[in-house]
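[1] Build me a structure from this.
(chains A and B)
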Amino acid sequence: MGALGPLGKVAGRRWRWAAQVGLYTLAGSLSSAPVGLLLGAIGQALGAGTHPFWSVVGAVWLLALLMRSMGRWRFPLPQWRRQTRDLWAKVFPAEVAAVLWGLDLGLAFTTWITFTGYWGPVGIAFLLGQPARGAGLFLTYWWGRAALVWASPQLFPGPMATPTVMDALAQQRSLFQRLHRLGLGLMILGLVLLETRP
Amino acid sequence: MVRSSSGVLEVKAGRVRRVIWGVPLLALIIGSLGSVLEPAGLLLSAAFWLGWTQGVGP
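    You can find the predicted model right below:
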(Lines give C-alpha, C1' and ligand atoms only; values in the text may rest on other atoms or scores of the structure.)
Protein backbone atom coordinates (compact mmCIF):
# COMPACT_ATOMS: atom_id res chain seq x y z
CA MET A 1 0.00 0.00 0.00
CA GLY A 2 2.66 2.49 1.08
CA ALA A 3 4.94 1.54 -1.80
CA LEU A 4 2.40 1.02 -4.61
CA GLY A 5 -0.20 3.65 -3.70
CA PRO A 6 1.57 6.98 -4.38
CA LEU A 7 2.24 6.33 -8.09
CA GLY A 8 -1.50 6.40 -8.68
CA LYS A 9 -1.45 10.13 -8.00
CA VAL A 10 1.40 11.02 -10.37
CA ALA A 11 0.05 12.69 -13.51
CA GLY A 12 0.93 10.70 -16.63
CA ARG A 13 1.93 7.63 -14.61
CA ARG A 14 -1.50 6.20 -13.91
CA TRP A 15 -1.25 3.44 -16.51
CA ARG A 16 2.08 2.34 -15.07
CA TRP A 17 0.52 2.36 -11.61
CA ALA A 18 -2.42 0.27 -12.86
CA ALA A 19 0.01 -2.19 -14.48
CA GLN A 20 2.00 -2.53 -11.25
CA VAL A 21 -1.07 -3.02 -9.07
CA GLY A 22 -2.46 -5.42 -11.69
CA LEU A 23 0.75 -7.48 -11.53
CA TYR A 24 0.65 -7.34 -7.73
CA THR A 25 -2.95 -8.61 -7.72
CA LEU A 26 -2.26 -11.31 -10.31
CA ALA A 27 0.84 -12.55 -8.47
CA GLY A 28 -1.06 -12.67 -5.18
CA SER A 29 -3.85 -14.60 -6.90
CA LEU A 30 -1.30 -17.15 -8.11
CA SER A 31 0.07 -17.70 -4.61
CA SER A 32 -3.16 -17.46 -2.60
CA ALA A 33 -5.36 -19.83 -4.64
CA PRO A 34 -3.07 -22.88 -4.20
CA VAL A 35 -3.11 -22.38 -0.40
CA GLY A 36 -6.92 -22.58 -0.35
CA LEU A 37 -6.85 -25.43 -2.88
CA LEU A 38 -4.42 -27.38 -0.73
CA LEU A 39 -6.40 -26.80 2.47
CA GLY A 40 -9.58 -27.95 0.70
CA ALA A 41 -7.80 -31.02 -0.66
CA ILE A 42 -6.41 -31.93 2.77
CA GLY A 43 -9.89 -31.51 4.26
CA GLN A 44 -11.36 -33.66 1.48
CA ALA A 45 -8.74 -36.36 2.03
CA LEU A 46 -9.55 -36.41 5.75
CA GLY A 47 -13.28 -36.69 5.07
CA ALA A 48 -14.26 -33.11 5.99
CA GLY A 49 -17.38 -31.58 4.44
CA THR A 50 -19.17 -34.89 3.99
CA HIS A 51 -21.79 -34.15 6.68
CA PRO A 52 -23.54 -30.98 8.00
CA PHE A 53 -21.64 -31.62 11.23
CA TRP A 54 -18.56 -30.07 9.57
CA SER A 55 -20.42 -26.81 8.98
CA VAL A 56 -21.34 -26.74 12.68
CA VAL A 57 -17.63 -27.17 13.49
CA GLY A 58 -16.90 -24.31 11.05
CA ALA A 59 -19.45 -22.02 12.72
CA VAL A 60 -17.99 -22.83 16.16
CA TRP A 61 -14.51 -22.09 14.82
CA LEU A 62 -15.62 -18.71 13.45
CA LEU A 63 -17.38 -17.91 16.71
CA ALA A 64 -14.21 -18.78 18.63
CA LEU A 65 -12.23 -16.40 16.40
CA LEU A 66 -14.83 -13.71 16.98
CA MET A 67 -14.63 -14.17 20.75
CA ARG A 68 -10.84 -14.08 20.57
CA SER A 69 -10.89 -10.84 18.59
CA MET A 70 -13.15 -9.35 21.27
CA GLY A 71 -10.73 -10.42 23.99
CA ARG A 72 -13.26 -12.77 25.58
CA TRP A 73 -11.38 -15.97 24.80
CA ARG A 74 -7.66 -16.47 24.68
CA PHE A 75 -5.97 -19.16 22.64
CA PRO A 76 -2.74 -19.11 20.67
CA LEU A 77 -2.62 -18.90 16.87
CA PRO A 78 0.53 -19.25 14.76
CA GLN A 79 2.12 -15.96 13.79
CA TRP A 80 5.09 -15.47 11.47
CA ARG A 81 6.62 -12.24 12.74
CA ARG A 82 7.85 -10.78 9.48
CA GLN A 83 6.77 -8.16 6.98
CA THR A 84 7.27 -8.20 3.25
CA ARG A 85 10.52 -6.61 2.07
CA ASP A 86 10.54 -2.90 1.22
CA LEU A 87 14.04 -3.52 -0.05
CA TRP A 88 12.71 -5.23 -3.19
CA ALA A 89 11.69 -1.80 -4.51
CA LYS A 90 15.35 -0.73 -4.42
CA VAL A 91 16.88 -3.95 -5.72
CA PHE A 92 14.45 -4.78 -8.55
CA PRO A 93 12.49 -2.81 -11.17
CA ALA A 94 9.14 -1.62 -9.80
CA GLU A 95 7.14 -4.23 -11.75
CA VAL A 96 9.29 -7.10 -10.43
CA ALA A 97 8.97 -5.75 -6.88
CA ALA A 98 5.17 -5.59 -7.31
CA VAL A 99 5.12 -9.26 -8.39
CA LEU A 100 7.30 -10.30 -5.44
CA TRP A 101 5.12 -8.41 -2.96
CA GLY A 102 2.02 -9.99 -4.46
CA LEU A 103 3.49 -13.51 -4.28
CA ASP A 104 4.60 -12.97 -0.69
CA LEU A 105 1.47 -11.27 0.65
CA GLY A 106 -0.84 -13.57 -1.32
CA LEU A 107 0.41 -16.51 0.75
CA ALA A 108 -0.79 -14.51 3.78
CA PHE A 109 0.70 -16.79 6.43
CA THR A 110 4.32 -15.80 5.62
CA THR A 111 3.77 -12.26 6.89
CA TRP A 112 2.29 -10.64 9.97
CA ILE A 113 -1.43 -11.44 10.40
CA THR A 114 -3.11 -8.30 11.71
CA PHE A 115 -6.46 -9.73 12.81
CA THR A 116 -7.57 -13.24 13.72
CA GLY A 117 -10.06 -13.21 10.82
CA TYR A 118 -7.44 -14.73 8.49
CA TRP A 119 -7.99 -18.01 10.30
CA GLY A 120 -11.65 -17.95 9.23
CA PRO A 121 -11.03 -18.75 5.54
CA VAL A 122 -8.28 -21.18 6.62
CA GLY A 123 -10.67 -23.19 8.80
CA ILE A 124 -13.60 -23.02 6.39
CA ALA A 125 -11.50 -24.00 3.35
CA PHE A 126 -10.38 -27.07 5.28
CA LEU A 127 -13.76 -27.96 6.83
CA LEU A 128 -15.73 -27.64 3.57
CA GLY A 129 -13.39 -30.23 2.06
CA GLN A 130 -13.86 -28.75 -1.42
CA PRO A 131 -10.60 -27.68 -3.09
CA ALA A 132 -12.33 -25.33 -5.59
CA ARG A 133 -14.25 -23.53 -2.84
CA GLY A 134 -11.06 -23.35 -0.77
CA ALA A 135 -9.26 -21.70 -3.68
CA GLY A 136 -12.23 -19.34 -4.14
CA LEU A 137 -12.16 -18.32 -0.47
CA PHE A 138 -8.45 -17.55 -0.57
CA LEU A 139 -8.72 -15.72 -3.89
CA THR A 140 -11.47 -13.44 -2.61
CA TYR A 141 -9.59 -12.94 0.67
CA TRP A 142 -6.56 -11.81 -1.36
CA TRP A 143 -8.64 -9.60 -3.66
CA GLY A 144 -10.01 -7.92 -0.54
CA ARG A 145 -6.51 -7.26 0.64
CA ALA A 146 -5.38 -6.01 -2.77
CA ALA A 147 -8.50 -3.82 -3.07
CA LEU A 148 -7.03 -1.41 -0.53
CA VAL A 149 -4.17 -0.72 -2.96
CA TRP A 150 -6.64 -0.26 -5.85
CA ALA A 151 -8.55 2.20 -3.65
CA SER A 152 -5.40 4.12 -2.73
CA PRO A 153 -5.92 6.97 -5.31
CA GLN A 154 -9.03 7.81 -3.26
CA LEU A 155 -6.92 8.06 -0.13
CA PHE A 156 -3.72 9.72 -1.33
CA PRO A 157 -3.99 13.52 -1.65
CA GLY A 158 -0.69 13.51 -3.55
CA PRO A 159 2.28 11.29 -4.46
CA MET A 160 4.30 12.38 -1.41
CA ALA A 161 1.57 11.64 1.12
CA THR A 162 2.50 8.06 2.09
CA PRO A 163 3.24 8.82 5.79
CA THR A 164 0.06 10.91 6.08
CA VAL A 165 -2.11 8.20 4.51
CA MET A 166 -0.54 5.44 6.59
CA ASP A 167 -1.15 7.54 9.73
CA ALA A 168 -4.75 8.20 8.67
CA LEU A 169 -5.30 4.44 8.16
CA ALA A 170 -3.60 3.59 11.46
CA GLN A 171 -5.96 6.02 13.22
CA GLN A 172 -8.86 3.98 11.82
CA ARG A 173 -7.54 0.72 13.21
CA SER A 174 -10.49 0.32 15.58
CA LEU A 175 -12.84 0.71 12.60
CA PHE A 176 -10.92 -2.02 10.72
CA GLN A 177 -11.17 -4.17 13.85
CA ARG A 178 -14.96 -3.68 14.02
CA LEU A 179 -15.29 -4.40 10.30
CA HIS A 180 -13.22 -7.53 10.73
CA ARG A 181 -15.58 -8.77 13.47
CA LEU A 182 -18.53 -8.05 11.19
CA GLY A 183 -16.74 -10.03 8.48
CA LEU A 184 -16.49 -13.04 10.80
CA GLY A 185 -20.20 -12.70 11.59
CA LEU A 186 -20.96 -12.55 7.87
CA MET A 187 -18.90 -15.67 7.31
CA ILE A 188 -20.99 -17.54 9.91
CA LEU A 189 -24.15 -16.36 8.12
CA GLY A 190 -22.68 -17.39 4.75
CA LEU A 191 -21.89 -20.84 6.12
CA VAL A 192 -25.43 -21.26 7.49
CA LEU A 193 -26.93 -20.16 4.14
CA LEU A 194 -24.65 -22.52 2.25
CA GLU A 195 -25.69 -25.43 4.45
CA THR A 196 -29.42 -24.70 4.45
CA ARG A 197 -29.84 -24.02 0.73
CA PRO A 198 -31.51 -26.87 -1.14
CA MET B 1 -8.28 16.37 1.24
CA VAL B 2 -7.24 19.68 2.77
CA ARG B 3 -4.05 21.71 3.03
CA SER B 4 -2.95 22.34 6.61
CA SER B 5 -1.48 25.61 7.90
CA SER B 6 1.99 24.15 7.30
CA GLY B 7 1.08 23.62 3.64
CA VAL B 8 1.15 19.81 3.88
CA LEU B 9 -1.70 17.95 2.18
CA GLU B 10 -3.80 16.15 4.77
CA VAL B 11 -6.20 13.26 4.41
CA LYS B 12 -9.74 13.86 5.60
CA ALA B 13 -10.77 11.26 8.18
CA GLY B 14 -14.32 11.25 6.79
CA ARG B 15 -13.06 10.35 3.33
CA VAL B 16 -10.91 7.54 4.75
CA ARG B 17 -13.89 6.16 6.70
CA ARG B 18 -16.09 6.29 3.60
CA VAL B 19 -13.54 4.29 1.61
CA ILE B 20 -13.02 1.81 4.49
CA TRP B 21 -16.77 1.17 4.73
CA GLY B 22 -17.69 1.62 1.09
CA VAL B 23 -15.57 -1.08 -0.55
CA PRO B 24 -16.61 -4.03 1.70
CA LEU B 25 -20.26 -2.93 1.57
CA LEU B 26 -20.05 -2.95 -2.22
CA ALA B 27 -18.51 -6.44 -2.05
CA LEU B 28 -21.33 -7.55 0.25
CA ILE B 29 -23.97 -6.31 -2.19
CA ILE B 30 -22.25 -8.04 -5.11
CA GLY B 31 -21.81 -11.25 -3.05
CA SER B 32 -25.43 -11.23 -1.91
CA LEU B 33 -26.66 -10.79 -5.48
CA GLY B 34 -24.14 -13.37 -6.67
CA SER B 35 -25.39 -15.88 -4.13
CA VAL B 36 -28.38 -16.41 -6.44
CA LEU B 37 -25.96 -18.07 -8.87
CA GLU B 38 -23.30 -19.33 -6.45
CA PRO B 39 -24.53 -20.59 -3.06
CA ALA B 40 -21.23 -19.60 -1.46
CA GLY B 41 -21.60 -15.97 -2.60
CA LEU B 42 -22.01 -14.56 0.90
CA LEU B 43 -19.16 -16.70 2.21
CA LEU B 44 -16.90 -15.33 -0.53
CA SER B 45 -18.00 -11.76 0.27
CA ALA B 46 -17.09 -12.36 3.90
CA ALA B 47 -13.65 -13.61 2.85
CA PHE B 48 -13.17 -10.46 0.74
CA TRP B 49 -14.28 -8.39 3.74
CA LEU B 50 -11.72 -10.11 6.02
CA GLY B 51 -8.95 -9.62 3.46
CA TRP B 52 -9.84 -5.95 3.18
CA THR B 53 -9.35 -5.43 6.93
CA GLN B 54 -6.01 -7.24 6.81
CA GLY B 55 -4.79 -4.60 4.36
CA VAL B 56 -4.37 -2.06 7.18
CA GLY B 57 -1.17 -3.86 8.15
CA PRO B 58 0.39 -4.56 11.53
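
[2] As a check, name the ranges of all strands in chain B.
    All strands of chain B, identified by DSSP state E, fall at B:2-3, B:9-10.

[3] Residue A:121 contacts residue A:36, doesn't it?
    Yes. Counting by CB atoms under 8 Å, residue A:121 sits close enough to residue A:36 to count as a contact (7.0 Å). Just so you know, the C-beta spots here come from the backbone N, C-alpha and C atoms, and that holds for glycine as well.

[4] intersection of neighbour lists for these two?
    Contact criterion CB atoms under 8 Å, 6 or more residues apart in numbering or on different chains; residues bridging residue A:121 and residue A:36 by contacting each: A:137, A:138, A:141.

[5] Surely residue A:83 is in a strand?
    No. Per DSSP: H, G, I helix; E, B strand; the rest coil, residue A:83 lies outside any strand segment and is coil.

[6] Okay, it and residue A:57: tell me how far apart.
    As defined by CB to CB, to the nearest Å, residue A:83 lies at a distance of 32 Å from residue A:57.

[7] cool, and residue A:114?
    25 Å.

[8] Could you do residue A:40 as well?
    Here residue A:40 is placed at a distance of 15 Å from residue A:57 (CB to CB).

[9] Excluding chain neighbours, what is closest to the closest residue to chain A within chain B?
    For chain B, the nearest residue to chain A under the criterion CB to the nearest CB is residue B:51, separated by 2.8 Å. Distances taken as CB to CB, 6 or more residues apart in numbering or on different chains place residue A:144 nearest to residue B:51, at 2.8 Å, with adjacent residues excluded.

[10] Surely that neighbour touches residue B:50?
    Yes. Between residue A:144 and residue B:50 a contact is recorded at 6.6 Å, counting by CB under 8 Å.

[11] So residue A:5 is in contact with residue A:149, correct?
    Yes. Between residue A:5 and residue A:149 a contact is recorded at 6.2 Å, counting by CB under 8 Å.

[12] show me what contacts the nearest residue to residue A:47 once chain neighbours are set aside?
    Counting by CB to CB, 6+ apart, residue A:47 lies nearest to residue A:129, which is 7.2 Å off, once chain neighbours are set aside. Neighbour list for residue A:129: A:40, A:43, A:44, A:46, A:47, A:48, A:49, A:50, A:54 [criterion: CB under 8 Å, 6+ apart].
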